[in-house]
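Asks: this one's sequence-less:
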């Protein structure tokens, strides 16, 4: 049986990966991308970017690491339960899994893929994107689990490389 965790492990196995946390911490669950990036940056400095609400400003630093895979982490309404995450190719942003940064992520994915890397979205289903509200517990807990899964996958990738 495969699930999001095994899909992540299979995706990063033996590849140079950049993880990009996207989101606005002032908009409730939209802060899940920066939360995951903050947790990962401690163990994987230089491979993680907290792009906040303006991912397009980080194109240079993302490409500087010559990644084979760029993994965006963002709040994305995919119709799941709050905190549920889905791993989809970033080009799927055109048809589904809209994020709060839909247009900029789609453009970034196109630019990054033109440079030779593959782009993926780890979209976490938000419960609330209200301005000035804290992140919901379901999304916070999911973000912590996602950070652990990614940390394990990145550690295994680093050993294999």
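Replies: Good, I have the coordinates. Not measured: the values here are computed from a predicted model.
Asks: This protein: strands as residue ranges?
Replies: Using DSSP state E, the strands found in the chain span residues 17-22, 48-52, 69-75, 85-89, 118-124.
Asks: could you dump those to JSON lines with mean pLDDT and distance to residue 41?
Replies: (Each C-beta comes from the backbone N, C-alpha and C, glycine too.) Output for the strands of the chain, formatted as JSON lines (pLDDT from 0 to 100; distance: least, Cβ to Cβ, whole Å):
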{"stretch": "strand 17-22", "mean pLDDT": "96", "distance to residue 41": "9"}
{"stretch": "strand 48-52", "mean pLDDT": "95", "distance to residue 41": "4"}
{"stretch": "strand 69-75", "mean pLDDT": "95", "distance to residue 41": "12"}
{"stretch": "strand 85-89", "mean pLDDT": "92", "distance to residue 41": "19"}
{"stretch": "strand 118-124", "mean pLDDT": "95", "distance to residue 41": "16"}
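Asks: Show me where this structure has its helices.
Replies: For the chain, the helices defined by DSSP state H cover 4-12, 32-43, 59-64, 102-114, 137-160.
Asks: what packs against the third one?
Replies: Under the contact criterion of 3 or more Cβ pairs under 8 Å, 6 or more residues apart in numbering; DSSP states H and E, the helices and strands touching helix 59-64 comprise helix 102-114.
Asks: Work out the gap between the helix it packs on and the centre of the chain.
Replies: In terms of Cα atoms, centre = their mean, to the nearest Å, the centre of helix 102-114 is found 13 Å from the chain centre.
Asks: for stretch 80-93, same thing?
Replies: How far stretch 80-93 lies from its chain's middle: 10 Å, per Cα atoms, centre = their mean.
Asks: Next: stretch 39-47.
Replies: 13 Å.
Asks: Stretch 63-73 too?
Replies: Centre-to-centre, stretch 63-73 and its host chain are 11 Å apart (Cα atoms, centre = their mean).
Asks: same thing with stretch 10-28?
Replies: Relative to its parent chain, stretch 10-28 has a centroid offset of 3 Å by Cα atoms, centre = their mean.
Asks: Going by neighbour count, which residues of that stretch are buried?
Replies: 11-12, 16-25, 27-28 (16 or more other Cβ atoms under 10 Å).
Asks: try stretch 77-91
Replies: Of the residues in stretch 77-91, 78, 82, 83, 85, 86, 87, 88, 90 count as buried by neighbour count, 16+ other Cβ under 10 Å.
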